[in-house]
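Chemist: Got a predicted structure plus its sequence, pasted below:
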Amino acid sequence: MSKIFNVNADCKPDLHYMVDINERLKQIKVMVDAGQYFTINRARQYGKTTTLKAMGRFLKKEYVVVSLDFQKIGNAKFKTENTFSLAFAKIFLGALEKNSEAYGDDFFSVINIMETAVSERQEYFDLQELFECLSNICKYLVKPLVLIIDEADAATNNQIFLDFLAQLRACYIDRDETPTFQSVILAGVYDIKNLKRKLRQEDSHKMNSPWNIAADFLVDMSFSSNDIAGMLMEYETDYKTKMNVEEMAALLSDYTSGYPFLVSRLCKLIDERVAGNGDFQDKSAAWTKEGFLEAVKLLLAESNTLFESLINKLEDYPELDEMLRDLLFRGKEIVYVIGIRSIEMALMFGFVKKSNNTILVANRIFETLLYNLFLASPVLRQDEIYDAALKNKNQFIQNGHLNMRLVLEKFVRHFDDLYGDRGQSFLEEDGRRYFLLYLRPIINGVGNYYIESQTRNMERTDVIIDYNKEQFIIELKIWRGNEYHTRGERQLSDYLNYYQLDKGYMLSFNFNQKKEVGVKEIAVGDKVIVEAVV
């Protein structure tokens, strides 16, 4: 049976094309060997479960690995110590029995330790009883025991879970005197050391987590371009598409910043949806830059569990929504500061990443998703400039080609008519938002756009548009005088060299009363720049 790209549950080496994560596993094993307890906190669908399962296989020669999933323990089981302890014992024994070959002749005596305690003290089996049994099991096992708990944050809104963590902490502290786990690994989205992010308002007294003994987990779980290339090479060996592996890996890395779900989903779309459709007659035609961009368009148009989760978080946390709007539309520099609620949530849920102590949107896919979401709001879609673009959209497309100069000409006219008297504050904070709002109905369904994060700030933003196999670079900028403007032209010219384009576009929001509104062409070296001023 041939392998496929997988985005559902964990990846299995025999069934799925996978990135080689052996180096990551070696780094994690160093922590296990050192006897550390730690948490793997990553955003949803970031490869946590795949890593944990691979870790179990990686450790089994030296350790007995018991892997649990707290989603298998229903909420009702967390109501009392007794119900939780019995439920935990049941799934623990089930997982332990999967390791029966590790115990030799003593297997049944080891299992019997907990089974006997549970049966004899059914109504009184609490956390203390549970951990006494666990300690005895660790004592008699022939190899050290590593406990792995996936979806640990599924239970973080109740006191029983905190008490369970407290017992683990006590085991860690007394490990030199009392037999216990070699290592404990908890995995989830929420940071177990900072439970207040998930606890209900009325439970604020539970904010102090006992999980303060956890070591920092610094292993990078994102996929590098080399990681992705290794996976594509395996695929190429099977299908011989003659793809440019390095180019495809670089594209996947650039657009996703190595977010595992996004990498796998784009590969799956290219392989299963792009190949054999439209201009892409086979896999060879699909595994090209054009095929990749088609997959990006499909991804941004679909509803998937990751996107739904992100959107729900914006609805749940208004301050997160507001911070992202500041970052995207106003180009505000947001400095990372410990303890700022909106920043912590944005990092935890995967919206953003830290770079040089500032906050950036995590990747181009998320950035475009957020722009599309914000620009599609009912309030903005009722705006006159959106309506103007929608009514005139057909004239901007000529023989399948996007006439970007005409887009700028019409935008300048409509913008000046509608908002020309709004003043400096409006131009600085809302001008770029209204250009993207104008652009969206024109390219919607055929083209994509994204913002080059390295150039986005209060004064300058570069928009890259992919439309029907053509690329357009538009620099959006705030007018800061002739010298700054000339420097911007040179920067755009250099940027065009990078993208191997001869023509670029510049849209300046100018609050000078003597400004000359309109569009003109200038030459900068061997490049042509179409400049528009509003």
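Modeler: Structure received.
Chemist: A523: neighbouring residues, count only.
Modeler: If you count neighbours by other C-beta atoms under 10 Å, A523 ends up with 10. Just so you know, the C-beta spots here come from the backbone N, C-alpha and C atoms, and that holds for glycine as well.
Chemist: Would you mind measuring from it to S493?
Modeler: Separation of A523 from S493 (C-beta to C-beta, to the nearest Å) stands at 10 Å.
Chemist: who touches both of those two?
Modeler: Contact criterion C-beta atoms under 8 Å, 6 or more residues apart in numbering; residues shared by A523 and S493: I529.
Chemist: Any regions of the chain where pLDDT drops low?
Modeler: Confidence mapping of the chain against pLDDT under 70 gives the ranges 1, 100-107, 156-157, 193-208, 423-429, 453-459.
Chemist: For the residue most central in space within the chain, which residues are in contact?
Modeler: The centroid of the chain falls nearest to G350 when counting by C-alpha atoms, centre = their mean (4.4 Å). With contact set as C-beta under 8 Å, 6+ apart, G350 has these partners: R42, A43, R44, Y46, Y259, L310, A362, F366.
Chemist: can we see that at 10 Å?
Modeler: Listed by C-beta atoms under 10 Å, 6 or more residues apart in numbering, the contact set of G350 reads 42-46, 189, 259, 261, 306, 309-310, 313, 362-363, 366.
Chemist: And D326, by the same measure?
Modeler: Per C-beta under 10 Å, 6+ apart, neighbours of D326: K332, E333, I334, S342, E429.
Chemist: For my notes, confirm it occurs in a helix.
Modeler: Yes - the assignment for D326 is a helix, going by DSSP: H, G, I helix; E, B strand; the rest coil.
Chemist: gap between it and K332?
Modeler: D326 sits 4 Å away from K332, going by C-beta to C-beta.
Chemist: Please apply the same query to D69.
Modeler: 40 Å.
Chemist: Spell out the residue ranges of the strands in the stretch 151-300 of the chain.
Modeler: For the stretch 151-300 of the chain, the strands defined by DSSP state E, counting those that start in this stretch cover 183-188.
Chemist: Does G431 touch D416 like I think?
Modeler: No - at 11.5 Å, G431 does not count as touching D416 under the criterion of C-beta atoms under 10 Å.
Chemist: Give me the more crowded residue out of those two.
Modeler: Using other C-beta under 10 Å as the criterion, G431 and D416 rank with G431 on top: 23 against 14.
Chemist: for the more buried one, what are its contacts?
Modeler: Applying C-beta under 10 Å, 6+ apart, the residues near G431 are 329-330, 415, 419, 422, 476-478, 507-511, 534.
Chemist: Which of those residues are buried? Put it as a ChimeraX command.
Modeler: Buried subset of those, written as a ChimeraX selection, criterion 16 or more other C-beta atoms under 10 Å:
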select :329,330,415,419,476,477,478,507,508,509,510,511,534
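Chemist: What is the most widely separated pair among the contacts of G431?
Modeler: F329 and N510 (18.6 Å; C-beta to C-beta).
Chemist: Take the contacts of G431 and write them to JSON lines, including distance to L370 and secondary structure.
Modeler: Below are the contacts of G431 laid out as JSON lines (distance: C-beta to C-beta, whole Å; DSSP: H, G, I helix; E, B strand; the rest coil):
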{"residue": "F329", "distance to L370": "10", "secondary structure": "helix"}
{"residue": "R330", "distance to L370": "14", "secondary structure": "coil"}
{"residue": "F415", "distance to L370": "23", "secondary structure": "helix"}
{"residue": "Y419", "distance to L370": "23", "secondary structure": "helix"}
{"residue": "R422", "distance to L370": "25", "secondary structure": "coil"}
{"residue": "L476", "distance to L370": "17", "secondary structure": "strand"}
{"residue": "K477", "distance to L370": "22", "secondary structure": "strand"}
{"residue": "I478", "distance to L370": "22", "secondary structure": "strand"}
{"residue": "L507", "distance to L370": "21", "secondary structure": "strand"}
{"residue": "S508", "distance to L370": "25", "secondary structure": "strand"}
{"residue": "F509", "distance to L370": "22", "secondary structure": "strand"}
{"residue": "N510", "distance to L370": "28", "secondary structure": "coil"}
{"residue": "F511", "distance to L370": "27", "secondary structure": "coil"}
{"residue": "V534", "distance to L370": "25", "secondary structure": "coil"}
